[in-house]
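Trainee: Structure for the following, please:
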Amino acid sequence: MNNMTIKLTQLSLLILISSMSHMLKGQEELVIDKVIAKVGTETILMSDVEQQYSYTAAEGTPSPELRCEILQSLIGQKLIIHQAKLDSVIISEDEIEASLTFKVDRVLSQMNGDTEMFEEVYSMTPQQMKENLRDDERNQMLVQRMQNSIINEVNITPKEVKEFYNSIHPDSIPFLSAEVELAEIVVAPQINKEQKAIALRKIVDIRKRIVEKGEDFAELAATYSDDMGSGRRGGDLGFAQRGTFVPEFEAVAYTLEPGEVSDPVETDFGYHILELIERRGNKIHMRHILVKPDITEEDRTLAKSKLDSLRQLIVDGADFLEMVKDHSLDEVPSYSNNGMLQNPNTGKTIFPMSELPSNVYFAIDELEVGDITEALDYNLPTGETYYRIIKLMTKTRPHKASLDQDYTKILNYAKESKKSTYFAEWLESKLAGTYIDIDQNYLQCDALMEMLAEQQ
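Mentor: The predicted structure follows:
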């Protein structure tokens, strides 16, 4: 690879990791703005560089070359946009609208659907925010689609994989930690009838205090609700679209009139009372109070005993997959994956041992492939505890990466390397035929100018 390709590889990586993370940081007003670079029919403004500089600099100590690196990345993006337009790459208005709606709604959801708070923070309405970002969003989508169309053409042969591996210096071959694939059966403690009755009496009493005695819903939610998140906000759930809540909850929520407090509603979470605050089309603004039945130690013991029995059945020859389908909770992600756990960092079923929770690590450390753990605690983000048994499906020992043992990993590394080179070469070919002009009075970027001069 020549020097030009190396520089463009660096440029392509900058482009590939570029995002609109500054997009919702607020709109800074610059007193003076001007065009500082032209790439074909596209322009780069001084504010484009300065806003990204401010955002990046706020994250740590900026390098002396940061502005030049940002400008280099922007030139690469504009080059792709320019070429996408020449190639008639189309992004529909519906796609742009859907993407903007998702992003703005995500911010709104973090504000509990409070549009007044949104306007106070960003000095504009959600709709104005979308209009403000529309051109940037279109360009970002153009860049992504053009990149995908280019690098998706890349294929790699087994011979190239082997050549890639052999090109790595022996001292640089990565050392891979032990990796495992795991499958699980998960059960939840079943709440006994006595505790359910106690919880129901409690929620009925809370409702009477609101409806008959006129006590404040928000104060009682803050005091008694077992939904700690909404409880701190007086039970407020904010605006939500149909399909946000569980069916039993929504079946009642959408029948209420503003200000009406529901009868107790039972869901898998416990007993609720709901109040409709406001309805806007298909969106409702709700608040609720949740009372969860207590789980006794006897309930927990029964759940673990059930797993012990299932484990023994499997050891005695029962099919693990059938046991997953018949007994594991269908609400956990592994249920739809034949019991296999999925690594959230990669989307694959392989876990480095170092990334496992400590109780799982120690439970499987000495197991042989095919063995099953005893019942283990399974702590949920909600604070609840379920129980599970885990089967060790596959396991590798710590080792240096090799073609025999790690072909798929090496293939992926080789393909990404080839994509990077291919994309750099594509950029190089387009750069040679594209008019680019940079205002040297604003910014002196010697390395960038040298790179461009090589194309003349």
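
Trainee: Can you give the distance of the helix or strand where I44 lies from its chain's centre?
Mentor: Assigned by DSSP states H and E, I44 belongs to strand 42-45. Centroid separation for strand 42-45 versus its chain: 31 Å, with Cα atoms, centre = their mean, to the nearest Å.

Trainee: try stretch 413-433
Mentor: With Cα atoms, centre = their mean, you get 28 Å for stretch 413-433.

Trainee: Format the CA atom coordinates belonging to it as CSV.
Mentor: Provided in CSV are the C-alpha atoms of stretch 413-433 (Å, rounded to 0.1, in the frame of the first residue of the first chain):
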residue,chain,number,x,y,z
TYR,A,413,-10.3,-9.2,10.8
ALA,A,414,-9.1,-9.8,7.3
LYS,A,415,-12.3,-8.7,5.7
GLU,A,416,-12.4,-5.5,7.7
SER,A,417,-8.8,-4.8,6.7
LYS,A,418,-9.7,-5.4,3.1
LYS,A,419,-12.8,-3.1,3.4
SER,A,420,-10.7,-0.3,4.8
THR,A,421,-8.1,-0.6,2.1
TYR,A,422,-10.8,-0.8,-0.6
PHE,A,423,-12.6,2.2,0.7
ALA,A,424,-9.3,4.2,0.9
GLU,A,425,-8.6,3.3,-2.7
TRP,A,426,-12.1,4.4,-3.7
LEU,A,427,-11.6,7.7,-1.9
GLU,A,428,-8.3,8.1,-3.7
SER,A,429,-9.8,7.5,-7.1
LYS,A,430,-12.6,10.1,-6.4
LEU,A,431,-10.3,12.6,-4.8
ALA,A,432,-8.3,12.8,-8.0
GLY,A,433,-11.2,14.0,-10.1
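
Trainee: all strands for the protein, in order.
Mentor: Counting by DSSP state E, the segments of the chain that form strands are 35-39, 42-45, 175-176, 179-187, 236-241, 265-267, 270-280, 283-291, 350-352, 376-379, 385-396, 399-400, 436-438.

Trainee: quick one: the fifth one to strand 270-280, angle?
Mentor: Spelled out, it's strand 236-241. 60 degrees (axes from the mean of the first three to the mean of the last three Cα atoms, to 10 degrees).

Trainee: Direction included, what does strand 236-241 pair against?
Mentor: Sheet pairing for strand 236-241, assigned by DSSP bridges, gives strand 283-291 (antiparallel).

Trainee: Quick check: mean pLDDT of the partner strand?
Mentor: Taken as a whole, strand 283-291 has a mean pLDDT of 93.

Trainee: repeat for stretch 337-346
Mentor: On average, stretch 337-346 scores 92.

Trainee: List the buried residues in it.
Mentor: Residues G339, M340, L341, Q342, N343 are the ones in stretch 337-346 that count as buried (16 or more other Cβ atoms under 10 Å). To be clear about C-beta, it is placed using only N, CA and C from the backbone, and glycine gets the same treatment.

Trainee: repeat for stretch 433-448
Mentor: Residues of stretch 433-448 classed as buried by neighbour count (16+ other Cβ under 10 Å): T434, I436, I438, L443, C445, L448.

Trainee: Next up, the contacts around the nearest residue to the fifth one once chain neighbours are set aside.
Mentor: This means C445. Spatially, and ignoring its direct neighbours in sequence, C445 is nearest to C68 (3.8 Å; Cβ to Cβ, 6 or more residues apart in numbering). Going by Cβ atoms under 8 Å, 6 or more residues apart in numbering, C68 touches L443, C445, A447, L448.

Trainee: Reformat the residues you listed into a markdown table and put distance to L302 and pLDDT next to each item.
Mentor: As requested, the contacts of C68 are arranged in a markdown table below (distance: Cβ to Cβ, whole Å; pLDDT from 0 to 100):
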| residue | distance to L302 | pLDDT |
| --- | --- | --- |
| L443 | 70 | 84 |
| C445 | 69 | 86 |
| A447 | 69 | 77 |
| L448 | 69 | 81 |
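
Trainee: of all the residues you listed, which two lie farthest apart?
Mentor: Farthest apart among the contacts of C68 by Cβ to Cβ are L443 and A447. That separation is 11.9 Å.

Trainee: Pull the contacting residues for the residue lying closest to T394 once chain neighbours are set aside.
Mentor: Nearest residue to T394, sequence neighbours excluded (Cβ to Cβ, 6+ apart): E181, at 4.3 Å. Applying Cβ under 8 Å, 6+ apart to E181 gives the contacts M340, L341, T349, I350, F351, M393, T394, K395.

Trainee: Could you give the bridge partners of E181?
Mentor: Going by DSSP bridges, E181 is paired in beta bridges with I350, T394.

Trainee: Can you check which of the strands of the chain gets nearest to K409?
Mentor: Between the strands of the chain, strand 175-176 lies closest to K409; by Cβ to Cβ that is 7.7 Å.

Trainee: Now do K292 against E137, distance only.
Mentor: To E137, K292 is 42 Å away according to Cβ to Cβ, to the nearest Å.

Trainee: Then K85?
Mentor: The gap separating K85 from E137 is 16 Å, by Cβ to Cβ.

Trainee: on that earlier part again, which one of the contacts of C68 sits closest to L79?
Mentor: Distances from L79 to the contacts of C68, taken as Cβ to Cβ, are shortest for L448 (12.7 Å).

Trainee: The stretch 351-456 of the chain: helices as residue ranges?
Mentor: Listed in chain order, the helices of the stretch 351-456 of the chain (DSSP state H, counting those that start in this stretch) span 358-364, 403-432, 446-453.
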